[in-house]
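Undergrad: Fold the following.
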Amino acid sequence: MQYVSPWVQDADILYGFTQKQVYKSTDGGETWQDLTPQVKQADLGEEHAEVLGLAPTDVAVSPFDSAKVFVSSANANAYALASSDGGRTWRGTKWYGGSHGADAGLALSHADSSRAYVWAFLRGTISHSAFERTDDWGRTFEVMSVRRRRPSYTDDVGNLYAGSQISRDGGQTWQQMDYGAAVVASEGALAVSYDHVSYDRGRTWHQMPADPPPASRIVEIDERDSTLFAISGSGVWAYAREGAFATPVEEPSARPEALQVSSYPNPFRERATVEYELPRTAKVRVAVYDVLGRRVRTLVDARRSAGTNEVAFAADDLPAGVYVVRLQAGKRTATHRLTLVR
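TA: Residues are numbered from 1 along each chain as shown. From the prediction side, this is the model:
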């Protein structure tokens, strides 16, 4: 599987694609249903039209409804295809003319359950691009502008981000942001590569005390915790609003008075024990996040005594993969990576 998009409300529901096929799973990836035949028969609003040369480039499931999914495809032509019934039937739009290849992508609205943005770039003797919006989940499309930069993210109030630009009116007009390029936008926060961060959707900016790892992908974890993860080739890094990028999370602090967190067994199946050490009695929160930055468990949210403590982590309903445990006591944090296998 080249790419998998989970439904935010139930990680057992997944949509994914390979080089030429689209799939769906309802059991966390244990089994997969091939949706390719249905996708190729999508209603394109043209008589006898069908999807030719399916080559998926992106897939996304609506945060509001697991039956609503969008797929983009690009080969000689580009397509944006939508389903409202879990992949049984599809409809969409097609762009012609990529004699030298094409690219396509999409961004779903997190403020409007029927809105999505789609884009395409078609390479040819004369290359051209398109950027369109649908407000009825793929039944009709409105041309917004011609843009080569892909609109990558939306936030919970409807703002749209494309590289270092932001649109606050659904793609009609664009403004240049002060720093870098947007990499994630959620719950009112916006992280930007590589040395500034905004917590109010790009209106004000704060310089990070230290540079994140090169070529990192920053993912917001928790608005209340004010914590970001940066995922790079050197590991998973943590950033707190009042702190700096630390060493990779798999390397605990060497200071004897520092918080420490670990787990065993690691890798684990279904159940692990999370062990953490506190230099003094404190109000503690221990939470588990997936690599996309979503909190999947809160294991502890209470006062705990100094010394070694432990708590069980049951992951029976979670898909296999890498997870990060985050320990917070006051303004101090520690993180640890663990792997769930099936």
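
Undergrad: Check which helix or strand Q38 maps to.
TA: Using DSSP states H and E, Q38 falls within helix 36-40.

Undergrad: Same question for Y117.
TA: Counting by DSSP H and E, Y117 is part of strand 116-122.

Undergrad: what is the mean pLDDT for that strand?
TA: Average pLDDT, strand 116-122: 85.

Undergrad: Now do that strand: everything it contacts.
TA: 60, 70, 72, 74, 77-78, 80, 82, 93, 95-98, 102-109, 127-134, 137-138, 141, 144, 147-148, 150-151, 154, 160, 171 (Cβ atoms under 8 Å, 6 or more residues apart in numbering). (Glycine included, C-beta is placed from N, CA and C.)

Undergrad: Walk me through which strands that strand pairs with, and which way each runs.
TA: Here strand 116-122 is paired, per DSSP bridges, with strand 102-108 (antiparallel), strand 128-134 (antiparallel).

Undergrad: Run through the neighbouring helices and strands of the helix or strand following the last one.
TA: So the one you mean is strand 128-134. Going down the chain from strand 128-134, the next helix or strand is strand 142-145, by DSSP H and E. Contact partners of strand 142-145 among helices and strands, from 3 or more Cβ pairs under 8 Å, 6 or more residues apart in numbering; DSSP states H and E: strand 128-134.

Undergrad: How about S72: what's its closest non-neighbour residue?
TA: Distances taken as Cβ to Cβ, 6 or more residues apart in numbering put A104 closest to S72, at 4.1 Å, once the chain neighbours are dropped.

Undergrad: Bridged to that neighbour, which residues?
TA: A120.

Undergrad: swap in Q260?
TA: E277.

Undergrad: so where's the stretch 101-250 of the chain uncertain?
TA: For the stretch 101-250 of the chain, applying pLDDT under 70 flags the ranges 125-126, 145-153, 155-156, 163-164, 177-250.

Undergrad: Try it again at 80.
TA: Applying pLDDT under 80 to the stretch 101-250 of the chain flags the ranges 101-103, 110-111, 122-129, 145-166, 170-172, 174-250.

Undergrad: okay, now A74: neighbour count?
TA: Counted with other Cβ atoms under 10 Å, the neighbours of A74 add up to 25.

Undergrad: Kindly state the pLDDT recorded for it?
TA: For A74, pLDDT reads 87.

Undergrad: And it, how far from R271?
TA: Here A74 is placed at a distance of 43 Å from R271 (Cβ to Cβ, to the nearest Å).

Undergrad: and if you look at D10?
TA: 21 Å.

Undergrad: how many neighbours does R332 have?
TA: R332 has 16 nearby residues by other Cβ under 10 Å.

Undergrad: ok, it touching L259?
TA: Yes - shown here, R332 and L259 form a contact pair, counting by Cβ atoms under 8 Å, at 5.4 Å.

Undergrad: Show me just the buried residues among the contacts of strand 116-122.
TA: Buried members of these, counted by 16 or more other Cβ atoms under 10 Å: 60, 70, 72, 74, 77-78, 80, 82, 93, 95, 97-98, 102-109, 129-134, 137-138, 141, 144, 147, 150-151, 154, 160, 171.

Undergrad: residues contacting the nearest residue in space to D43 that is not next to it in sequence?
TA: Distances taken as Cβ to Cβ, 6+ apart place R91 nearest to D43, at 4.3 Å, with adjacent residues excluded. By Cβ under 8 Å, 6+ apart, R91 lies in contact with 42-45, 81-83, 138-139.

Undergrad: Out of those, name the ones that lie in helices.
TA: Applying DSSP state H to those, no entry is found in helices.
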